[in-house]
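Enquirer: missing the sequence, but the structure's below:
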């Protein structure tokens, strides 16, 4: 599939970094809210909430952009549809895998395992879009990965590097990496009317596909999960709002910059993760976590010099 190359100036680069950091923070809040929903819903149900309850808000977002702009929203095409289906399906799987990892490790470690997505996004970017990474970026990604591994170090020998929690975390990282690259491909396959609009249109179609696809799956299960989701509408609404805002940030940043770069900067989420882990869930952290965070930050800084 062919995609256009987006050219941008230093101001645009600063923009994608800022919105990536904001998206990482909002995603962390959303994940924390989703974790609380697992007491009332299955992993699939808690994952579905982020799509179903975000859809009305992205519709409002698109309506606002359409009303403000003088040009119509770009029309989907075949390449766009392919990226949307592949990326949307991968993100559904990634979300379910991530929530399952929370049930086997604490909140911070479950999220840290999923952060292997950054190096995987670089590989998917080469395969799907033909986009390589520079030397500084590659070094930054690897250094950040070392930080992630430090943060993911098992607290007990029985946890192991290849336990169930590690498996779900790494699988979620693979799925999220594939989805990120596909979303960039989808945005770039649209008519070049502006990255914010292209990202918003991509987000709208992705959420619609995910809501319908996963809704049909849950309906076929016929175990009352959709009823339980409806009863949990108040906390689910917060998940939807945070999820939509986070996704708008991610999609816009990835329409500007390579998915691997955006996801690498997005690892700043781990800083927010540990704050929430300590302040909200009262989970104890280790000395090695400090080294892990330092490596992640160092890797991000190095990447920005690319």
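Expert: Arrived safely. Note that the coordinates shown come from a computational prediction; the quantities given were computed from them, not determined experimentally. Numbering: from 1, shown residues only.
Enquirer: Check the average confidence over the helix or strand containing residue 255, would you?
Expert: Here residue 255, judged by DSSP states H and E, is contained in helix 233-256. Regarding helix 233-256, the rounded mean pLDDT is 92.
Enquirer: Moving C-terminal from that helix, which element do we reach first?
Expert: Past helix 233-256, further along toward the C-terminus, the next helix or strand under DSSP H and E is helix 259-265.
Enquirer: pLDDT of that next one, averaged?
Expert: On average, helix 259-265 scores 87.
Enquirer: Figure out how far the following helix or strand past it is from the centre of its chain.
Expert: Helices and strands here follow DSSP H and E; after helix 259-265, the next one along the chain is helix 269-279. Distance of helix 269-279 from the chain centroid (Cα atoms, centre = their mean, to the nearest Å) equals 17 Å.
Enquirer: just checking, what packs against helix 269-279?
Expert: Where contact means 3 or more Cβ pairs under 8 Å, 6 or more residues apart in numbering; DSSP states H and E, helix 269-279 is packed against helix 10-37, helix 107-114, helix 135-151, helix 288-303. Using the backbone N, CA and C atoms, a C-beta is placed for each residue, glycine as well.
Enquirer: hang on, the earlier thing: next, the angle helix 269-279 makes with the helix holding residue 255.
Expert: Relative orientation of helix 233-256 and helix 269-279, computed by axes from the mean of the first three to the mean of the last three Cα atoms, to 10 degrees: 160 degrees.
Enquirer: And helix 233-256, how far out from the chain middle?
Expert: The answer for helix 233-256 is 9 Å, by Cα atoms, centre = their mean.
Enquirer: Could you pull out the buried residues of it?
Expert: For helix 233-256, the neighbour count (16 or more other Cβ atoms under 10 Å) marks 235-256 as buried.
Enquirer: returning to that earlier point: buried deepest among the helices and strands packed on helix 269-279, which one?
Expert: helix 107-114 (a mean of 26; mean count of other Cβ atoms under 10 Å).
Enquirer: after it comes which helix or strand?
Expert: Downstream of helix 107-114, the first helix or strand assigned by DSSP H and E is helix 117-124.
Enquirer: Name the surrounding residues that touch that next one.
Expert: With Cβ atoms under 8 Å, 6 or more residues apart in numbering as the test, helix 117-124 has contacts from 133, 138, 141-142, 144-145, 148, 172-174, 176-178, 180-181, 259-260, 263-264, 267.
Enquirer: Mark which of these are buried, thanks.
Expert: By 16+ other Cβ under 10 Å, the contacts of helix 117-124 give 133, 138, 141, 144-145, 148, 172-174, 176-178, 180-181, 259-260, 263-264, 267 as buried.
Enquirer: The closest residue to residue 269 other than its chain neighbours: what's it in contact with?
Expert: Distance criterion Cβ to Cβ, 6 or more residues apart in numbering; nearest residue to residue 269, sequence neighbours excluded, is residue 24 at 3.7 Å. Listed by Cβ under 8 Å, 6+ apart, the contact set of residue 24 reads 246, 265, 266, 267, 268, 269, 272.
Enquirer: which residue is nearest the middle of the protein?
Expert: Among the residues of the chain, the one closest to the centroid is residue 176, at 6.1 Å (Cα atoms, centre = their mean).
Enquirer: Now name the helix or strand holding that residue.
Expert: Secondary structure from DSSP H and E places residue 176 in helix 164-189.
Enquirer: and that helix, what other elements does it pack with?
Expert: Where contact means 3+ Cβ pairs under 8 Å, 6+ apart, helix 164-189 is packed against helix 78-102, helix 107-114, helix 117-124, helix 195-221, helix 233-256, helix 259-265.
Enquirer: can you list the weak-confidence ranges in this structure?
Expert: Across the chain, the ranges flagged by pLDDT under 70 are 1-13, 102-112, 151-166, 222, 274-276, 281-286, 306.
Enquirer: Name the residue most distant from the centre of it?
Expert: Computed with Cα atoms, centre = their mean, the most peripheral residue in the chain is residue 70, at 30.8 Å.
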